[in-house]
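>>> could you look at this predicted model? Sequence included:
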Amino acid sequence: MKLVGEKLENYAVSESDENIKDLFGRSAFNRYYYAAFLITREMLGGINPKWKKTPHKEIPELLKGAVRKPVIQRLKQNAKKDLITNGELSALQTKLTNATNELANLLVQAYDVRLIADYEPERHILIKNRVIILSSCKLTSANNWADRASAYCKDIRKAWKGSGLV
């Protein structure tokens, strides 16, 4: 999906017709969102197959709740049993909390921009110095959504494995 977004972005930037720039720029935002979403969905399904079907809008709360809580509980149990140190507990807990919060925030922001791109054609993109902007979000920033999602998902998987839950 990210590759498709990049192609759409390049085409939009190089196009001279403002309407075509708008259409392709919107489509690029959409593809960048779906790249991040699909990466997240794959990670969630790897932890719990039921989570793979979670609706878009519910994923941020799932990340902050059901994805995070059992890991933290298990890590605390492991620390009580001296399987990990309090320092390791703190580091893993902090990393997991940051990853779930950041991924949730990324998905909320990306979803909001995708909704504008898909359902509010009256809100046109802006172009400043060959950078496409929609609702104050730069397309060059959206290009990084998938990479950021991958990094956060990696940290979340590592915490689940480190806790012994998967």
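Everything's here; your move. Residues are numbered from 1 along each chain as shown.

>>> where does this protein have its least confident helix or strand?
Across the helices and strands of the chain, mean pLDDT, DSSP states H and E gives its lowest value to strand 126-128, namely a mean of 90.

>>> just give me how far the helix or strand hosting Glu9 sits from the chain centre.
Per DSSP states H and E, Glu9 falls inside helix 2-14. Chain-centre distance of helix 2-14: 19 Å, with Cα atoms, centre = their mean, to the nearest Å.

>>> could you pull out the buried residues of it?
By neighbour count with 16 or more other Cβ atoms under 10 Å, helix 2-14 contains the buried residues Lys2, Gly5, Glu6, Leu8, Glu9, Tyr11, Ala12, Val13. For every residue, glycine as well, the C-beta is placed using N, CA and C.

>>> any idea which of the residues you listed is closest to Asp112?
Gly5 (16.8 Å; Cβ to Cβ).

>>> tell me who's in contact with the nearest residue to the closest one once chain neighbours are set aside.
Among residues not flanking Gly5 along the chain, Arg31 sits closest, at 3.6 Å (Cβ to Cβ, 6 or more residues apart in numbering). By Cβ atoms under 8 Å, 6 or more residues apart in numbering, Arg31 lies in contact with Met1, Lys2, Val4, Gly5, Leu8.

>>> give me that answer again for 10 Å
Applying Cβ atoms under 10 Å, 6 or more residues apart in numbering to Arg31 gives the contacts 1-9, 114, 117, 142-143, 146.

>>> nearest to Arg130, of the residues you listed?
Nearest to Arg130 among the contacts of Arg31, with distances taken as Cβ to Cβ, is Glu9, at 10.4 Å.

>>> next one: the closest one, what pLDDT does it get?
What the model reports as pLDDT for Glu9 is 94.

>>> may I have the beta-bridge partners of Gln133?
In this structure residue 133 is Ile, not Gln. Leu126, Lys138 (DSSP bridges).

>>> my read: it touches Ala28, true?
No. Counting by Cβ atoms under 10 Å, Ile133 does not reach Ala28; the two are 11.9 Å apart.
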